[in-house]
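Chemist: Structure of the sequence below:
(one chain, ligands or ions: 1)
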Amino acid sequence: MHLARFPRVFLAHLPTPLEKLDRLSKELGGPEIWIKRDDCTGLSTGGNKTRKLEFLMAEAQAMGADTVMTQGATQSNHARQTAAAAAKLGMGCHILLEDRTGSNDANYNTNGNVLLDHLHGATTSKRAGGMDMQAEMEAVADKLRAEGRKVYLIPGGGSNATGALGYVNCAFEMIAQANDRALAIDHIVTATGSAGTQAGLITGLKAMNAGIPLTGIGVRAPKERQEEMVFALAQKTAQKMGCPDVVQRGDVVADSNYVGPGYGIPREDTLEAIRMFAQLEAILLDPVYSGKGAAGLIDYCRKGKFKKGERVVFLHTGGSAALFGYDAVFASDTKSLSVG
Ligand SMILES: *Cc1c(COP(=O)(O)O)cnc(C)c1O
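Modeler: Model (predicted):
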């Protein structure tokens, strides 16, 4: 298979760094922990959607689109990266934001990713939680088309077989980096939501026969449903890549024990993970995705599921812009120095 056969626009700073986390590894006293810095993809504070958008936006351009549309939760990182990609390529962008958390917090609703959506020139409209967002998006697209716009629809999270190619590419890139420094990876962990990241990664890993297990830490759906979503998309991605059946159902592992109260609502272990990464490694996680993924990683280390002598890579999917929509959950972190 050969990724260069698929249309692509270059939006990301690649390769992203693969770094060792010495202080976090020492603190946990278990495996050597490494991080793949996809929070550093560069587009409007970075994140995992940028790799997907390299293939999605190329497809939009190939189809002659002048406008892209997508949808996500209010603090969607995907929406922000799509708005940025559209700005860079001179395309219009309209985003539907779903109120999945019911939060009335002013910063949640207007700061962080929402501020950046608008700064990049995108228009947004809101929908109540639980609506069929794909159907909502198609209805708005029909109206824009009636006005003469050529609209390309990007699914939530950019998760279809085209977007997942971005994470096939990431698997190739990460294994090449590990090979170059003789780093034998025993396990890869990442947050999993709309499934494109995990589906692309597992397809790439299996296509290379890397033999590295991948665990997705769920942020929304229960385990079984998350795994079915990832598996279905991995099969489509493998088909598109010309290696059908390379991914087996058993290759897809998700753990939804770190979701907490629900999508977009952090739990104490989410916040602990965010503080640990910030204070031990100066790396910013987020309260919706990477904080939950890291909470899973930390718990696996503490429980001995990942052991001393092993090497684990945490794929950091980004999301730090959302911190500014969640300042209220960090209110107790404000400390002042008293001396004398
Ligand atoms: C979207 C997102 C994820 C989840 O990736 P999927 O491909 O949707 O599973 C993880 N982390 C961050 C920061 C995200 O924005």
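Chemist: Tell me who's in contact with residue 315.
Modeler: Residues counted as contacts of residue 315 (CB atoms under 8 Å, 6 or more residues apart in numbering) are 35, 36, 38, 48, 170, 174, 188, 189, 190, 197, 201. In this view, the C-beta of every residue, glycine as well, is placed from N, C-alpha and C.
Chemist: can you pull the buried residues of the helix or strand hosting residue 233?
Modeler: Under the criterion of DSSP states H and E, residue 233 resides in helix 223-241. Within helix 223-241, the residues scored as buried using 16 or more other CB atoms under 10 Å are 226-227, 229-231, 233-238, 240-241.
Chemist: In terms of distance to residue 60, which of the residues you listed ranks first?
Modeler: Closest approach to residue 60 among those (CB to CB): residue 240, at 16.7 Å.
Chemist: next one: the helix holding residue 233 to chain centre, how far?
Modeler: Distance of helix 223-241 from the chain centroid (CA atoms, centre = their mean, to the nearest Å) equals 16 Å.
Chemist: Give me the contacts around it.
Modeler: So helix 223-241 is contacted by 1, 159-162, 164-165, 168, 192, 194-196, 198-200, 202-203, 206-207, 216, 218, 220-221, 244-247, 249, 251-256 (CB under 8 Å, 6+ apart).
Chemist: Now narrow the residues you listed to whatever sits close to the ligand.
Modeler: 159, 192, 194, 195, 196, 198 (CB under 6 Å from any ligand atom).
Chemist: Backbone dihedrals for the last one, please?
Modeler: Its backbone dihedrals place residue 198 at phi -70, psi -40, with angles given as degrees, to the nearest 10.
Chemist: is it true that it touches residue 214?
Modeler: Yes. In this structure, residue 198 is within contact of residue 214 by CB atoms under 8 Å, at 6.8 Å.
Chemist: just to revisit the earlier point, could you redo the buried residues of helix 223-241 as TSV and give each row pLDDT and distance to residue 261?
Modeler: Below are the buried residues of helix 223-241 laid out as TSV (pLDDT from 0 to 100; distance: CB to CB, whole Å):
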residue	pLDDT	distance to residue 261
226	98	17
227	98	22
229	98	21
230	99	23
231	98	27
233	98	26
234	98	29
235	98	32
236	98	32
237	98	31
238	98	35
240	97	36
241	96	37
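Chemist: Now distance to the ligand too, for these, in a markdown table please.
Modeler: Output for these, formatted as a markdown table (distance: CB to the nearest ligand atom, whole Å):
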| residue | distance to the ligand |
| --- | --- |
| 226 | 9 |
| 227 | 12 |
| 229 | 9 |
| 230 | 8 |
| 231 | 13 |
| 233 | 9 |
| 234 | 12 |
| 235 | 16 |
| 236 | 14 |
| 237 | 12 |
| 238 | 16 |
| 240 | 16 |
| 241 | 17 |
